[in-house]
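# please find the sequence and the predicted model below.
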Amino acid sequence: MHDEWALRIDAIWNDETLSDDDRVARIDAVAGERPARDAVALFERAGARDAAGLEQDAVPLYRAALDAGLDDAHRPQAVIQLASTLRNLGRADEAVRMLQAEVDREPVSPLRDEAAAFLALALVSLGREREAASLALLTLAPHLTRYTRSVTSYAEQLREDAR
């Protein structure tokens, strides 16, 4: 049942003919088939509102989804999406705290690099551009085919300069 439910949710997300309002309504209808405190259903409802520009409505649903105990596949997505929404709502300090915790998480989050990217954006929102650039470069450096050591060294210098 859950696999079929998830496929239906995916089909709604992939239907580019839907308006934002229609997508929210359809996600709500399918999510309504699950118990009221179902973490993934709450997450999908939050994401639909977020994508529709209804950030204020998305925040409590993201929080409820996280409180309900999202699985390892959805939890980091919810953290990133909630933090990004908070940043967009002018609450970059809270976004930084959430994303920093995700970046520092042990065991390592499967979306650590993605969390770091959004953390860099939140840092920029707070006027901490050097720290943001350092983080972005330190996150990118291991993926480079050349110059990893140089980029890492320069990024660490930027981090020191930011302090």
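That came in fine, so what should we check first?
# show the pLDDT at the residue nearest the centre of the chain.
Closest residue to the average C-alpha location of the chain: residue 80 at 1.7 Å, with C-alpha atoms, centre = their mean. pLDDT for residue 80: 98.
# where does it sit: helix, strand or coil?
Under DSSP: H, G, I helix; E, B strand; the rest coil, residue 80 falls in the helix class.
# for it, give me its contacts.
By C-beta atoms under 8 Å, 6 or more residues apart in numbering, residue 80 lies in contact with 99, 102, 111, 114-115, 118. Where you see a C-beta, it was placed from the backbone N, CA and C, and this is true even at glycine.
# how near is it to residue 15?
The gap separating residue 80 from residue 15 is 23 Å, by C-beta to C-beta, to the nearest Å.
# repeat that for residue 127.
40 Å.
# quick one, what contacts the closest residue to residue 31 other than its chain neighbours?
Spatial nearest neighbour of residue 31, excluding adjacent residues (C-beta to C-beta, 6 or more residues apart in numbering): residue 41 at 3.8 Å. The contact partners of residue 41, taken as C-beta under 8 Å, 6+ apart, are 31-35.
# helix or strand for residue 41, which one?
Taking DSSP states H and E as the criterion, residue 41 maps to helix 39-51.
# equivalent analysis for residue 63, please.
Per DSSP H and E: helix 55-68 holds residue 63.
# please name every helix or strand in contact with that helix.
Judged by 3 or more C-beta pairs under 8 Å, 6 or more residues apart in numbering; DSSP states H and E, helix 55-68 is in contact with helix 39-51, helix 75-88.
# what residues sit buried inside that helix?
For helix 55-68, burial by neighbour count (16 or more other C-beta atoms under 10 Å) applies to 55, 58-59, 61-62, 64-66, 68.
# follow-up on the earlier one: which one (most neighbours) among the contacts of residue 80?
Of all these, residue 99 has the most neighbours under the rule other C-beta atoms under 10 Å, reaching 29 neighbours.
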